[in-house]
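# Generate coordinates for the sequence data below:
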Amino acid sequence: MLTPLPTRPRQTPLASQRIALVVSRYNDNYVEPMLAKALEEICVIEPNTQTEIVHAPGSFEIPFLTRQVIERRKPDAVICLGVIFQGASGHANLIANSVSDALCRISVDTLTPVIHAVLLLTNEEQAKERCLGDTMNRGIEAARAAIEVLRSAKALIQR
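Now for the predicted structure:
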């Protein structure tokens, strides 16, 4: 069951973050609309935020490139976008579990927020609901999460 998107964070036109987006090319007919919505949402909430897009061949390569981006570009946060479809074998679960574990470790090890929007989906109907819509798009959700976690981290430092 889909849940509504979290409320849009308040707009802060003077804020300036650096957010990298590591995006799978595989299943790009679903991933690219998530990317477009994420970029649009970032521009609405924090128009001075700088973004950089890095494309990965597939979802499995996203953690490697995420770590490289963090070490070489030093972004304030990274948003990871991908779509994995469950097939007849367990391969999709292995990829999804590996990606989830790696992204969590990268975030904790580097103290850089890594937003995990690499979706494991059963069918194209789920992909359409989560990737192509304007109201339930997981790219929007990932952008909001990135900005909110950066704001929360900044508030912790200021206390």
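
# What are the boundaries of the helices in this protein?
Under the criterion DSSP state H, helices of the chain are mapped to 28-45, 62-73, 91-110, 124-127, 138-158.

# Is residue 78 bridged to anything, and to what?
Beta-bridge partners recorded for residue 78 (DSSP bridges): residue 20, residue 114.

# how about it, what does it touch?
19-22, 66, 69-70, 112-115 (CB atoms under 8 Å, 6 or more residues apart in numbering). C-beta: built from backbone N, CA, C; applies to glycine.

# now with 10 Å?
Residue 78 sits next to 18-22, 52, 54, 62, 65-67, 69-70, 103, 106-107, 110, 112-116, 146 when contact means CB atoms under 10 Å, 6 or more residues apart in numbering.

# what does residue 57 give?
By CB under 10 Å, 6+ apart, the contact set of residue 57 is 24-26, 65.

# Please identify which of the helices of the chain is closest to residue 79.
helix 138-158 (4.8 Å; CB to CB).

# State the mean pLDDT of the closest one.
Average pLDDT, helix 138-158: 92.

# how far does it sit from the chain's center?
Here helix 138-158 is found 12 Å from its chain centre; the criterion is CA atoms, centre = their mean, to the nearest Å.

# May I see the buried residues of it?
The neighbour-count check on helix 138-158 (16 or more other CB atoms under 10 Å) flags 138-151 as buried.

# quick revisit: among the helices of the chain, which comes closest to residue 85?
For residue 85, the closest of the helices of the chain is helix 91-110, at 6.4 Å, according to CB to CB.

# contacts for that closest one?
With contacts defined as CB under 10 Å, 6+ apart, helix 91-110 is touched by 22, 24, 58-64, 66-67, 69-71, 74, 77-78, 80, 82, 84-87, 90, 112-122, 149.

# count of neighbours near the nearest residue to residue 75 once chain neighbours are set aside?
Spatial nearest neighbour of residue 75, excluding adjacent residues (CB to CB, 6 or more residues apart in numbering): residue 20 at 4.1 Å. Using other CB atoms under 10 Å, the number of residues around residue 20 comes to 27.

# From residue 93, how far out is residue 20?
Separation of residue 20 from residue 93 (CB to CB, to the nearest Å): 27 Å.
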